[in-house]
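Novice: Kindly generate the corresponding structure for this input.
(one chain, ligands or ions: 1)
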Amino acid sequence: RPALSMHAMDGLVLEDVPLNAIADALGTPTWVMSAGTLRARYRRLATALAATGRPISIHFAVKANDHLAVLRVLAAEGAGADVVSGGELRRAMMAGIPAGKIVFSGVGKSLEEMRLALQAGIAQINVESAEELELISAVAEAEGLEARVALRINPDVDAGTHAKITTGLATNKFGIPYDRAVELYARAATLPGIRPVGLAMHIGSQIVRMQPYRTAYARLADLVRAIRARGLAVEVLDCGGGLGISYRDETEGAPEALAAAIHAELGDLGTRLAVEPGRWLAGPAGVLLSTVILRKQGYDDMPPFLVLDAAMNDLMRPSLYDAWHGIIPLSAATATAPVEQVHVVGPVCESGDTFGHDRTLPHMDAGSRLALLDCGAYGMVMSSTYNARPLAAQVMVDGTRWSVIRERQQVEDLWAADRIPDWVENTLL
Ligand code: LLP
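Specialist: Below you'll find the model as predicted:
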């Protein structure tokens, strides 16, 4: 993690900003994003994709991190966006990503969202079913607009990742069954308001081996040939996202290897190419700062619990996917303390509110601060206010500068939209 370093005086530093300075100013829990890491990773990906000789456009999967400042940093690098809701579409455009670089995926777009996408003139709508295709046709016709659609294909390929983030199996809700794709593409070409422009695929997330990609792309190439044999044009192939990062001891998915796989399987079809990475770009760029509220010794022969002020409502990934996130102290003195076995948990009233079982960490007392690593993707976007815990503050770091990019939510905000009906109030006394 090149942007993080440990200094004797300053402790853990992100880019050139001591994380203790941020925690002193704002308290914890606080999310911190490194703009420099986002840029560096975007550039590495763009360079790898460009090296194949055939242009491959990058559409950042906004679901991974939808903060306007994050999107703006990527927009300035030339990124497009992959969105899955009207809200994400509005966010991407607010951040300055041109509609012409936005693709819209998702199994259940509302008519309102379809209308918004068509009026904005986005690059392409990735259609996930025959039923949806008919709806888009009706909306486009009513609006007097033409929808550029790509059919998202379910290749029935196992991405070899966690069951909850695998999307390309026949049992998953995503995409159009492979054996119906050619027929549906032909139907799309006859529908009013629809122009089929290509095919899309996304087989899952946190993929670190290239073989599933290769298998899926080979199947995609076969489809392109079958569709063309029917006399229909295929202009663009959207290869999806999914490239994994190293949370623990996995070898990070290499963009160069992904580019090679795309090029090998799809490179000679003469189409435009696109990818939709989220995690790979944003994951390693973010940390979540937290403070140990107390050490709790449970049963004598068990490791103590470190109870943090961050919880599953902030970072949901460990409780939802048993995900592993690195944990390191912010202070250099603590970092060199003797190690011990601990359970790292949050204060929420669920056993699933656990960040790590049996972790080997330097001894930390109440008041010690630590960073949870690789939280830039699917971190703050998945937060909730469960247990009436206000959403944490967010900061962006760039070189020696840092700024608050979202204020910590106030507890009053939690009930600002609540209404107590008269009849409930009347029964009170
Ligand atoms: N494109 C589509 C159509 C997707 O559904 C996704 C992610 C992506 C692109 C981006 O995938 P990425 O490059 O980030 O792997 N919350 C889970 C991950 C859910 C991913 C959902 N789809 C997690 O925290 O692991």
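Novice: Pro390 and the ligand, how far apart?
Specialist: For Pro390, the distance to the ligand (C-beta to the nearest ligand atom, to the nearest Å) stands at 22 Å. Any C-beta I mention is one placed from the backbone N, CA and C, and that applies to glycine too.
Novice: Next one: that residue from Ala75, what distance?
Specialist: 29 Å (C-beta to C-beta, to the nearest Å).
Novice: again with Ser57
Specialist: Going from Ser57 to Ala75 by C-beta to C-beta gives 13 Å.
Novice: out of Pro390 and Ala75, which sits in the busier spot?
Specialist: In terms of neighbours (other C-beta atoms under 10 Å), Ala75 is the more surrounded of Pro390 and Ala75; the figures are 20 against 16.
Novice: Where does pLDDT dip in this protein?
Specialist: 427-429 (pLDDT under 70).
Novice: So if we follow the domain assignment, how does it break up?
Specialist: Using automatic domain parsing, the domain parsing of the chain gives 4-33+283-415, 35-281.
Novice: So is the last one next to the ligand?
Specialist: Yes. Domain 35-281 reaches the ligand (C-beta under 6 Å from any ligand atom) through 61, 63-64, 82, 105, 165, 167, 202, 205-206, 240-243, 276-280.
Novice: Ends of that domain, what's the gap?
Specialist: 11 Å (C-alpha to C-alpha, to the nearest Å).
Novice: do the same with the shortest one
Specialist: Using C-alpha to C-alpha, the span of domain 4-33+283-415 from its first residue to its last is 38 Å.
Novice: follow-up on the earlier one: including distance to Asn426, could the domains of the chain go into a markdown table?
Specialist: Formatted as a markdown table, the domains of the chain follow (distance: least, C-beta to C-beta, whole Å):
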| stretch | distance to Asn426 |
| --- | --- |
| domain 4-33+283-415 | 20 |
| domain 35-281 | 37 |
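Novice: For the stretch 101-250 of the chain, which residue gets nearest to the ligand?
Specialist: Gly241 (2.7 Å; C-beta to the nearest ligand atom).
Novice: I misspoke; the intended subject was the stretch 301-429 of the chain.
Specialist: Nearest residue of the stretch 301-429 of the chain to the ligand (C-beta to the nearest ligand atom) works out as Tyr378 at 3.1 Å.
Novice: How about the contacts made by Ser403?
Specialist: Contact analysis of Ser403 by C-beta atoms under 8 Å, 6 or more residues apart in numbering lists 395-396.
Novice: which residues does it bridge with?
Specialist: Met396 (DSSP bridges).
Novice: repeat for Leu237
Specialist: Under the criterion used (DSSP bridges), Leu237 bridges to Leu199, Leu273.
Novice: Pretty sure it sits against Val275.
Specialist: No. Between Leu237 and Val275 there is no contact under C-beta atoms under 8 Å: 9.9 Å.
Novice: All the helices of the protein, in order from the start?
Specialist: Secondary structure of the chain (DSSP state H): helices at 19-26, 35-50, 68-77, 86-94, 111-120, 130-143, 181-190, 211-229, 255-266, 279-282, 317-321, 332-335, 422-426.
Novice: Report the angle between the third one and helix 35-50.
Specialist: Put simply, helix 68-77 runs at 40 degrees to helix 35-50, going by axes from the mean of the first three to the mean of the last three C-alpha atoms, to 10 degrees.
Novice: thinking again about what came up before, how many neighbouring residues does the residue of the stretch 301-429 of the chain closest to the ligand have?
Specialist: Residues within reach of Tyr378, counting by other C-beta under 10 Å, total 26.
Novice: Which residues are in contact with it?
Specialist: 63-65, 278-279, 283, 316-317.
Novice: Let's see the distance spanning stretch 112-129 from one end to the other.
Specialist: End-to-end distance for stretch 112-129, by C-alpha to C-alpha: 18 Å.
Novice: Tell me the buried residues in that stretch?
Specialist: Neighbour counts over stretch 112-129 (16 or more other C-beta atoms under 10 Å) mark 113-118, 120, 122-129 as buried.
Novice: what do you get for stretch 134-151?
Specialist: Neighbour counts using 16+ other C-beta under 10 Å place 136-137, 139-140, 147-151 of stretch 134-151 among the buried residues.
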